[in-house]
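Q: have a look; sequence and predicted model below, questions after that.
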Amino acid sequence: MSKAQQAEPAVNTPPAPGPRQTDGRTARRPLALRLLARPEVGVFLGAVAVLVFFLFAAPPVRDGSSMANILYQSSTIGIMALPVALLMIGGEFDLSAGVAVVTSALTASMLSYQLTLNVWVGVVVALVVSLAVGMFNGWMLVKTGLPSFLVTLGTFLILQGVNLAVTKLVTGNVATDDISDMDGFDQAQALFASSFDVGGVQVKITVVWWLVFAALATWVLLRTKYGNWVFAVGGNKESARAVGVPVTFTKISLFMLVGFGAWFVGMHNLFSFNTVQSGEGVGQELIYIAAAVIGGCLLTGGYGSAIGPVFGAFMFGMVQQGIVYAGWNPDWFKAFLGVMLLGAVLINLWVQRTATRR
Amino acid sequence: MTDKTTSAHGAAPTGTPADGDRPLVELRAAGKSYGNIRALHGVDLTVHPGKVTCVLGDNGAGKSTLIKIISGLHQHTEGEFLVDGGPVRFSTPREALDKGIATVYQDLAVVPLMPVWRNFFLGSEVTKGPWPVRRLDIDRMKKTADEELRNMGIVLDDLEQPIGTLSGGQRQCVAIARAVYFGARVLILDEPTAALGVKQSGVVLKYIAMARDRGLGVIFITHNPHHAYMVGDHFSVLRLGTMELSADRSEVSLEELTNHMAGGAELAALKHELAQVRGVDTAGLPEEGDLQAPVAATPEGKS
């Protein structure tokens, strides 16, 4: 064969410099299509559609206080949907996120009440516990290499059982005692569960926190090293490790971020209702995951945004309250959600395929 | 193993070559065992600046284990591993990178969904500003990535496009350009041409030569002797975890290299086995003797 002869010369001649031209194959796509390819644009259009629908179907929604209520409802989902979305972009998900919220609230509440401490002690200990749960999830995942579904399903069941059993053991009841007359309660309530007045409408402070966290998460994701790592460990863990990204640190810290979110929402629940029901939180984790997926995050990781889940959570809050304002049977909520989830996923898929087609 | 390297083809033992400069990376009788399985044993390898060291071998010959040791993904369990003359033992790829040893992996060189410029700087991001607001210096990174890619002859209109939309050859080149930019002194290329067409392979080979001319030491892993012979200065053939051949370019011809890669003796044995199977015509197949002699044919039809 002639290949051998071909191979002989070519050797030590330095390669000719590459031709200097634009490659001409990447014609710029129209602006509209490029926008549609962004992960959050599909869900933004979906949220607008749901809003417009309820503005017509349920006249009370047009009222300012109703909107404040809808935003509040969205914020309690949205604050948790953010770290869950970041985790999802990082290639994992956390089934224990729902009950972790309750665990955090129970810890703060029972510790302060039983030992008659300032509530801030309970708040700080709850933060440590929440971060520890997240760290445990992440550490187990990284060390064993098990899928996050299994690891966090385990944590989910453990926490669910511990929540109920420990609460009954300590208080003899399924709920914790009222802590509203304890030291530091008012300060903590001001931080986690107060309201403020905007043009005669009472707006809950969680709405502000939600948007602040969303802005922060967006900045971190798109403008910092850490954000780059999150995309990388979700997109291709092995590549990321090979080029020097600290994969273990990134994954564990993402789980701890979910722990932080659970702590924050847990504290909000505690300081707005004064007591905690130990059996709550089950099923919420799926709502958070659904909000993140509706928000354009890829379940397999490596793709998504922090602003998408904001709109995803808004759609949830809108539908939940919209059904009530429209005077329909609230039982329809979950069915509505399911349709919305499938619809959003299909639209996202279609939009991305159309927009990224070359 | 060095001293008793099979010299059937007149290959001299590996050692410091005539030019006498200190090797960047040197393995002395290095090996690796996974439990009771000895994946690599008694391997000697030297990498000099401005030279291409080719490591050839069939599947399972230990090529991957060898690069994993040098790139810091695994640790050697026997022998010595020296960088700049000093013994080292890397526990993470980061440590290897800090020593200037960069690896371009065959399929895990990049994160497909991330933009080209983010991939270029992944793991070594350029930042600006004090800590609480320390952020990516995006303009500078994009500009640098574009310049570096153009220097390597890769022209891309849109650095924001996901790297997954590039062709396989372009992706390899981006990874090579990245390694060169980040001050790699030793570049390990893991079968960069394995999944590529003829033309794209040519492009990658060109960049290997370019990196070599910039004074980098290159370890080029391949199972294609033709590609190896185009750019290689030294050839090491691995077989079943040990070094079968280690020879400078002047000591080995492409035919001999091809023959070694093919495992001439094994093929003769295979012919004998095939003869026992009904329906296989072995009359036209070469004998062992033919395979030892200069034969240009590539028995596995690789090109």
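A: Sure, I can see it. Residues are numbered from 1 along each chain as shown, chains lettered A, B, ... in the order given.

Q: next, count neighbours for the residue in the stretch 251-358 of chain A positioned nearest to chain B.
A: At 4.6 Å from chain B, A:Gly302 is the closest residue in the stretch 251-358 of chain A, using C-beta to the nearest C-beta. Placement of C-beta: from N, CA and C, glycine included. Neighbourhood size, A:Gly302 [other C-beta atoms under 10 Å in any protein chain shown]: 24.

Q: distance check, the spatially closest residue to it that is not a sequence neighbour against B:Glu160.
A: In space, not counting the residues next to it along the chain, A:Gly302 is nearest to A:Gly235; the distance is 3.0 Å by C-beta to C-beta, 6 or more residues apart in numbering or on different chains. Using C-beta to C-beta, to the nearest Å, we find A:Gly235 at a distance of 15 Å from B:Glu160.

Q: compare these two (neighbour count), which wins?
A: A:Gly235 (28 against 12).

Q: who are the contact partners of the more buried one?
A: A:Gly91, A:Gly301, A:Gly302, A:Tyr303, B:Val111, B:Pro112, B:Leu113, B:Met114 (C-beta atoms under 8 Å, 6 or more residues apart in numbering or on different chains).

Q: which ones among those residues lie within strands?
A: The strands, defined by DSSP state E, take in nothing from those.

Q: just the residues you listed now: which is nearest B:Arg212?
A: B:Val111 (27.5 Å; C-beta to C-beta).

Q: number of residues surrounding that closest one?
A: 27.

Q: how near is it to chain A?
A: Per C-beta to the nearest C-beta, to the nearest Å, B:Val111 is found 4 Å from chain A.

Q: next, count neighbours for the residue of chain B found nearest chain A.
A: Nearest residue of chain B to chain A (C-beta to the nearest C-beta) works out as B:Gly153 at 1.8 Å. B:Gly153 has 18 neighbours, counted by other C-beta under 10 Å.

Q: next up, the contacts around A:Gly312.
A: A:Val43, A:Ala47, A:Ala81, A:Ala290, A:Ala291, A:Ala292, A:Val293, A:Ile294, A:Gly295, A:Gly296, A:Ala344.

Q: just the CA atoms of the one helix or strand the second one maps to, as PDB, please.
A: Spelled out, that is A:Ala47. Using DSSP states H and E, A:Ala47 falls within helix A:41-57. In PDB, the C-alpha atoms belonging to helix A:41-57 read as follows (Å, rounded to 0.1, in the frame of the first residue of the first chain):
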ATOM      1  CA  VAL A  41     -37.200  32.900  27.700                       C
ATOM      2  CA  GLY A  42     -39.600  30.000  27.100                       C
ATOM      3  CA  VAL A  43     -40.700  30.100  30.700                       C
ATOM      4  CA  PHE A  44     -41.000  33.900  30.700                       C
ATOM      5  CA  LEU A  45     -43.500  33.600  27.900                       C
ATOM      6  CA  GLY A  46     -45.300  30.800  29.700                       C
ATOM      7  CA  ALA A  47     -45.600  32.900  32.900                       C
ATOM      8  CA  VAL A  48     -47.000  35.800  30.900                       C
ATOM      9  CA  ALA A  49     -49.500  33.500  29.300                       C
ATOM     10  CA  VAL A  50     -50.700  32.200  32.700                       C
ATOM     11  CA  LEU A  51     -50.900  35.700  34.100                       C
ATOM     12  CA  VAL A  52     -52.900  37.000  31.200                       C
ATOM     13  CA  PHE A  53     -55.200  34.000  31.400                       C
ATOM     14  CA  PHE A  54     -56.000  34.600  35.100                       C
ATOM     15  CA  LEU A  55     -56.300  38.300  34.600                       C
ATOM     16  CA  PHE A  56     -59.300  37.400  32.400                       C
ATOM     17  CA  ALA A  57     -60.600  34.300  34.100                       C
END
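
Q: look up how far A:Ser66 lies from the residue nearest to the spatial centre of chain A.
A: Centroid check for chain A by C-alpha atoms, centre = their mean gives A:Ala81 as the closest residue, at 2.3 Å. Using C-beta to C-beta, A:Ala81 is found at 22 Å from A:Ser66.

Q: which residues of chain B fall in helices?
A: B:63-71, B:93-98, B:116-121, B:138-151, B:168-181, B:198-213, B:225-231, B:254-262, B:264-276, B:288-292 (DSSP state H).

Q: also the stretch 1-150 of chain A?
A: A:3-7, A:31-36, A:41-57, A:64-89, A:97-115, A:119-144, A:148-171 (DSSP state H, counting those that start in this stretch).

Q: check these for me: which has the lowest mean pLDDT.
A: Set side by side, those give their lowest mean pLDDT on helix A:3-7, at a mean of 39.

Q: which bits of the stretch 51-200 of chain B sit near chain A?
A: B:71, B:73, B:92-94, B:97, B:103, B:105, B:108-114, B:118, B:121-125, B:127, B:134-136, B:138, B:150, B:152-158, B:161, B:165 (C-beta under 8 Å from any C-beta of the partner chain).

Q: show me just the buried residues among the residues you listed.
A: B:71, B:73, B:93-94, B:97, B:103, B:105, B:108-111, B:113-114, B:118, B:121-125, B:135-136, B:138, B:152-154, B:156, B:161 (16 or more other C-beta atoms under 10 Å in any protein chain shown).

Q: residues contacting A:Leu35?
A: Applying C-beta under 8 Å, 6+ apart, the residues contacting A:Leu35 are A:Val41.

Q: residue ranges in the stretch 51-200 of chain B under the pLDDT threshold?
A: For the stretch 51-200 of chain B, applying pLDDT under 70 flags the ranges B:107-109.

Q: hmm, back to that, can you tell me which of the contacts of A:Gly312 end up in helices?
A: Per DSSP H, these map to helices at A:Val43, A:Ala47, A:Ala81, A:Ala290, A:Ala291, A:Ala292, A:Val293, A:Ile294, A:Ala344.

Q: so what's the residue count around the fourth one?
A: By the other C-beta under 10 Å criterion, the neighbourhood of A:Ala290 contains 24 residues.

Q: do you know the pLDDT at residue 257?
A: Because you didn't say which chain, this covers chain A. Value for A:Leu257, per-residue pLDDT: 96.

Q: let's do chain B instead
A: The per-residue pLDDT of B:Leu257 was computed as 83.

Q: what do you get for B:Thr242?
A: pLDDT at B:Thr242 comes out at 84.

Q: quick check, it in contact with B:Asp44.
A: No - here B:Thr242 lies out of contact with B:Asp44, judged by C-beta atoms under 8 Å, at a distance of 10.5 Å.

Q: quick one, which of these two is more surrounded?
A: It is B:Asp44, of B:Thr242 and B:Asp44, that has more neighbours when counted by other C-beta under 10 Å, with 21 against 18.

Q: so which helix or strand takes in the closest residue to A:Ala100 other than its chain neighbours?
A: Excluding the flanking residues, the one nearest A:Ala100 by C-beta to C-beta, 6+ apart is A:Ala262, at 3.8 Å. Assessed by DSSP H and E, A:Ala262 sits inside helix A:247-273.

Q: what's that helix packed up against?
A: helix A:64-89, helix A:97-115, helix A:119-144, helix A:185-192, helix A:225-235, helix A:237-242 (3 or more C-beta pairs under 8 Å, 6 or more residues apart in numbering or on different chains; DSSP states H and E).

Q: out of these, which gets nearest to B:Asn36?
A: Nearest of those (C-beta to C-beta): helix A:119-144, 23.7 Å.

Q: what residues sit buried inside that closest one?
A: A:119-120, A:122-123, A:125-127, A:129-131, A:133-134, A:136-142.

Q: got a markdown table for the helices of chain B, with distance to A:Thr103 too?
A: Formatted as a markdown table, the helices of chain B follow (distance: least, C-beta to C-beta, whole Å):
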| stretch | distance to A:Thr103 |
| --- | --- |
| helix B:63-71 | 41 |
| helix B:93-98 | 36 |
| helix B:116-121 | 36 |
| helix B:138-151 | 40 |
| helix B:168-181 | 44 |
| helix B:198-213 | 53 |
| helix B:225-231 | 58 |
| helix B:254-262 | 60 |
| helix B:264-276 | 62 |
| helix B:288-292 | 70 |
